[in-house]
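Q: quick one, fold the following:
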Amino acid sequence: RAPSLVDRSKGGRFHYWDDSTDEKTFDVTEAVGPTGTPGGYYLATGGPPPTVSTYNYGSKQPIYSLWLGAWDKLDQGLSVDAHAHAIRALEHFRAMHSWRGVDGKGSSLKVVVHDSTMPHTGFYDPVEKSVHFGDGATVRVLKPNATFQTVTTLPLQLSYDGVVHELAHGIALASNGIPYAGEGAALHESFADVMGAAAKLLDPNGVNKTLDFAELSMAGRVGGRSLLFPERDGSIASYAKRPWCLFGTMLNDHCFAHATAGIGNRAFAMMVSGGSETTTDGRTVGIPGTIEVSVASRIWFDSFTRLAQGQARFGDLALAQTKLAARYDLHTLASVACAWIAVDVLSPSVENLWGLTCRSPRIVSKTSTCAGVPDGAWICNDFAPSSATQCRGGVVAAGTSCKNAKHRCVQASPSNFMASLNADGTLVCR
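A: Predicted coordinates:
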């Protein structure tokens, strides 16, 4: 077994923008010569076999260097970023979702850099179980409105969420078997975008914690797909506005998969950041209260990876997520269901079915919600009518819900939100 050594090298941000904080640490494998003497190092971590190995495109062995700490000198830190971000991404999926490797079984991952076949982006190869990255390029992209948009990209691996995105494609193919075709292709892209955004937002040492996809890989470090405002770059934010498409091809991006992914992206962004939308029937639908990114990420991961092959529509994903959210509490259910109603995927009838009120709260601060409320008192929740919160020290301390989700918390009067508990400690509802 070749010994592993800890190495430290600069990443792409250092070489592209002189960011001195961009330093990556990872294990590498010592190359052993035929006589048993050390003969340099391979960009391979873990094992045997290595957990992650990084190759130059067309090479049959991992990237090799005679010296430690010299990887970034080979290609301005691009192999360093691809390798280090892949290691972090695999650890994120293991820790957050108990998913080992890309296939869920802990298999090794091959990373390929400087791939000239698709230089403007990255992709996952399910046959080789490898993720590939180009060096950036200027391309023209056909948008749903039948116009072309010129986009200039930098290497995708400069962005941590970009690497997570490509690994998420592998997880999608290994888990539910939904084909990358029709609406299923847009589901794949939305799942990958959301997984990338969640990993970036949850990374304690991360940079550029925004709801923009891979902005570090865009020329000028701005632009790219916005999960919060999909229409900014010509993507779709409403299921009712999805483009008509008969046959998916490479030219039309498999029926505008990346643009149509904006529907799910907008739903996720609303779950974690709030906001409101005007639906096609003229209703204003708002998010009553946001949920933690970690909660939204788990709901997305668990629901998507468990979809059946015949469930390749946004409606299938939305229904699966509401069922999972209901297992948490009514607050989580309201955030998830209202987000999917806001993007025209779920019918407004779901709001009445679950006893929800899909509107943005008048007061969004937990500190303000309980301002002036006596310690220990319960108040009916005006954005989740079937629940109540307990206040202590001017902040929310606890929550409870009606046994029947169709019932509503009974408040003292129309202008007094004070709630009551029964003798057994349950909330008074009707």
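Q: longest strand anywhere in the chain?
A: Looking across the chain with DSSP state E, the single longest strand is strand 23-32.
Q: what about the closest residue to R100 other than its chain neighbours, which SS state?
A: Computed as Cβ to Cβ, 6 or more residues apart in numbering, the closest residue to R100 that is not its neighbour in sequence is G106, at 4.0 Å. No exception for glycine: its C-beta is placed from N, CA and C like everyone else's. At G106, secondary structure determined by DSSP: H, G, I helix; E, B strand; the rest coil is coil.
Q: please name the nearest non-neighbouring residue to R140.
A: Going by Cβ to Cβ, 6+ apart, R140 has F148 as its nearest residue, at 4.6 Å.
Q: surely that neighbour meets L142?
A: Yes - taking Cβ atoms under 8 Å as the definition, F148 is a contact partner of L142 at 5.8 Å.
Q: so these two - more neighbours on which side?
A: L142 (16 against 10; other Cβ atoms under 10 Å).
Q: now do the same contact list for the more buried one.
A: F148, L251, N252, D253, F256 (Cβ atoms under 8 Å, 6 or more residues apart in numbering).
Q: let's see 7 Å
A: The contact partners of L142, by Cβ atoms under 7 Å, 6 or more residues apart in numbering, come to F148, L251, N252, D253.
Q: please state the backbone phi and psi of the first one?
A: Here the main-chain torsion angles of F148 (degrees, to the nearest 10) amount to phi -100, psi 140.
Q: could you do the third one as well?
A: Main-chain torsions, N252, degrees, to the nearest 10: phi -100, psi 20.
Q: check whether it really touches C245, as I assumed.
A: Yes - between N252 and C245 there is a contact under Cβ atoms under 7 Å: 6.5 Å.
Q: hmm, D329 is touching S401, no?
A: Yes - contact criterion Cβ under 7 Å: D329 and S401 qualify, at 6.3 Å.
Q: quick one, which of these two is more surrounded?
A: S401 (21 against 15).
Q: quick check, pLDDT for the residue nearest to M218 when sequence neighbours are not counted.
A: The shortest distance from M218 to any non-neighbouring residue, by Cβ to Cβ, 6+ apart, is to G224 (4.7 Å). Here the pLDDT value assigned to G224 is 70.
Q: how many neighbouring residues does the closest residue to P348 other than its chain neighbours have?
A: Nearest residue to P348 in three dimensions, chain neighbours excluded: I341, at 5.9 Å (Cβ to Cβ, 6+ apart). Neighbours of I341 under the rule other Cβ under 10 Å: 26.
Q: where does I341 fall, secondary structure wise?
A: helix 330-342 (DSSP states H and E).
Q: pLDDT of the helix or strand that that helix is followed by, averaged?
A: On the C-terminal side of helix 330-342, the closest following helix or strand by DSSP H and E is helix 349-353. Averaged across helix 349-353, the pLDDT comes to 87.
Q: name the surrounding residues that touch helix 349-353.
A: Against helix 349-353 from outside (Cβ under 7 Å, 6+ apart): A337, I341, C358.
Q: tell me how far the closest residue to P230 other than its chain neighbours lies from A237.
A: Nearest non-adjacent residue to P230, counting by Cβ to Cβ, 6+ apart: G262, 2.8 Å away. When Cβ to Cβ, to the nearest Å is applied, the distance between G262 and A237 equals 5 Å.
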